[in-house]
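> Sequence and predicted structure, then a few things I'm wondering about:
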Amino acid sequence: MMNGIIYVLVFTICTINLSCQTTQESTAGIAYTNTNRSANDSIVPNDLPDFANFTYPATKKWDAIKLVDGKSLATIGPDGKVNSMGYTLIANIKGELSKSESCSIVVLNVLTGGSAVVHIVYLFDTSKNSPRLIWSLASGDRADGGLRNIYFENSLVTLETYESRESQGDCCPKTYKKEIYFFNNDVPRLVKRVSNLPNPDHNAIFIGGNPLHSS
């Protein structure tokens, strides 16, 4: 009788150990975006979500946009005019708005078919399985409010846009504006605005990335 009890205990312990080893092996080598997750949170690997193959939700200014392999081609009519604009993914900037809220800023370039350079910006909460849209905006065209940069810094979002003052045409703004936002319950609150900052290259391109952390 005693031998039977010991056999059952040994078998149970071995089964538990085997189960734990299997779980550890199945998750080995995966880096997670949300290291401060709670019991109710889903685990999301670093390479997810795949914003290059993704349907962006409709906003007040834009319809839903579906990208495949990072792009959605523009359609051209028989007259050579653009029937529907195209879109290209140009940036996926990862950061956080709080210790428990991993986020991504996704930037799409709009293929207008003309000389205008317009970008759409999406801010997603990526802490859980399905990205949740927090905020979005559409930039102006180059010197007229075009997107220069956007990035995370100290759980805030910094937005840089070009200014039209003293610009030499739409292509060549001499200055830009920097705005810093704090998000409270998904609502952006302006913390600081600085205007008339010198644009050293006098162009209107999206430079991308955090200048404080660039190499």
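Received the coordinates, thanks.
> which residues of this protein fall in helices?
2-27 (DSSP state H).
> got any ranges where it has weak pLDDT?
1-48, 209-215 (pLDDT under 70).
> Repeat the analysis, applying 50 as the threshold.
1-46, 213-215 (pLDDT under 50).
> show me where it has strands.
Secondary structure of the chain (DSSP state E): strands located at 54-56, 65-67, 71-72, 75-76, 82-84, 86-98, 101-111, 118-125, 132-138, 147-153, 156-163, 175-184, 187-198.
> who's in contact with the fourth one?
Looking back up the chat, that one is strand 75-76. With contact meaning C-beta atoms under 8 Å, 6 or more residues apart in numbering, strand 75-76 is reached by 82-84, 86, 113. For every residue, glycine as well, the C-beta is placed using N, CA and C.
> most surrounded residue in these?
Top of those by neighbour number is residue 86, holding 18 neighbours under the definition other C-beta atoms under 10 Å.
> bridging residues for residue 179?
residue 159, residue 193 (DSSP bridges).
> closest one to residue 208 among the strands of the chain?
For those, the distance to residue 208 is smallest for strand 86-98, at 5.0 Å, taking C-beta to C-beta.
> And for residue 81, the neighbour number?
When neighbours are counted by other C-beta under 10 Å, residue 81 comes out with 9.
> And residue 125, by the same measure?
Residue 125, neighbours per other C-beta under 10 Å, totals 21.
> contacting residues for it?
Contacts of residue 125 (C-beta under 8 Å, 6+ apart): 97, 101-103, 131-132, 134.
> How many residues are close by residue 151?
20.
> gap between it and residue 181?
12 Å (C-beta to C-beta, to the nearest Å).
> joint contacts of those two?
157-158.
> one step back: highest neighbour count among the contacts of residue 125?
residue 103 (25 neighbours).
> Wait, that one touches residue 95, no?
Yes - between residue 103 and residue 95 there is a contact under C-beta atoms under 8 Å: 5.7 Å.
> Quick check: neighbours shared by the two?
Common neighbours of residue 103 and residue 95 (C-beta under 8 Å, 6+ apart) are residue 152.
> thinking again about what came up before, of all the strands of the chain, which one is nearest residue 206?
Across those, closest to residue 206 is strand 147-153 (C-beta to C-beta), at 5.3 Å.
> excluding its backbone neighbours, what's nearest residue 142?
Among residues not flanking residue 142 along the chain, residue 204 sits closest, at 3.6 Å (C-beta to C-beta, 6 or more residues apart in numbering).
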